[in-house]
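# quick one, fold the following:
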Amino acid sequence: MKTMAKKRTAAKPMRARGMTFCTLAGSGGGTLGLRTERGILDAAAASRLYRIAAPTDIHAVIEHVQREVAAQKGVQLKTEVVYLGEW
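Residues are numbered from 1 along each chain as shown. Just a heads-up that it's a prediction; the model follows:
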């Protein structure tokens with residue numbers, strides 16, 4: 001029984017848990033940060049380091065999720081975030 005549970009757990013894709021989005025102040029303006037139990041990850045710096053495309057602000061994250069959900073599930077998500085200032 002224990003082996004079966006391990007197989008089911010191993011087959012599940014990893015999900016991000018316990019993260020909070022934050023804005024990191026930088027010389028070029030604010031960038032996206034992810035606060036985790038292990039510290040804060042600078043998304044722009046990680047993107048450059050690993051040479052992969054990654055969203056650099058929360059607006060880009062929201063747009064990406066909306067596109068992916070629409071493409072995969074055919075559901076249009078409504079943005080409930082109120083943006084202040086210029087975007």
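# helix, strand, or coil at the residue nearest to Ala46 when sequence neighbours are not counted?
Of all residues not flanking Ala46 in the chain, Ala54 sits nearest, at 6.7 Å (C-beta to C-beta, 6 or more residues apart in numbering). Bear in mind the C-beta positions are built from the backbone N, C-alpha and C, glycine included. Here Ala54 is recorded as coil under DSSP: H, G, I helix; E, B strand; the rest coil.
# how close does Ala54 get to Ala70?
20 Å (C-beta to C-beta, to the nearest Å).
# over to Lys78?
12 Å.
# the two: which is more packed in?
Neighbour count, other C-beta atoms under 10 Å: between Lys78 and Ala70, Ala70 has more, with 12 against 5.
# make sure the more buried one is actually in contact with Gln76.
Yes - counting by C-beta atoms under 8 Å, Gln76 is a contact partner of Ala70 at 5.8 Å.
# what residues does Ala71 make contact with?
Applying C-beta atoms under 8 Å, 6 or more residues apart in numbering, we find Ala71 in contact with no residue.
# what comes up buried for the helix or strand hosting it?
If you go by DSSP states H and E, Ala71 is part of helix 58-73. For helix 58-73, burial by neighbour count (16 or more other C-beta atoms under 10 Å) applies to Ile58, Val61, Ile62.
# same question for stretch 44-52.
The neighbour-count check on stretch 44-52 (16+ other C-beta under 10 Å) flags Ala44, Ser47 as buried.
# neighbouring strands for the one helix or strand Leu24 maps to, and are they parallel or not?
In the assignment (DSSP H and E), Leu24 maps to strand 20-26. Here strand 20-26 is paired, per DSSP bridges, with strand 29-36 (antiparallel).
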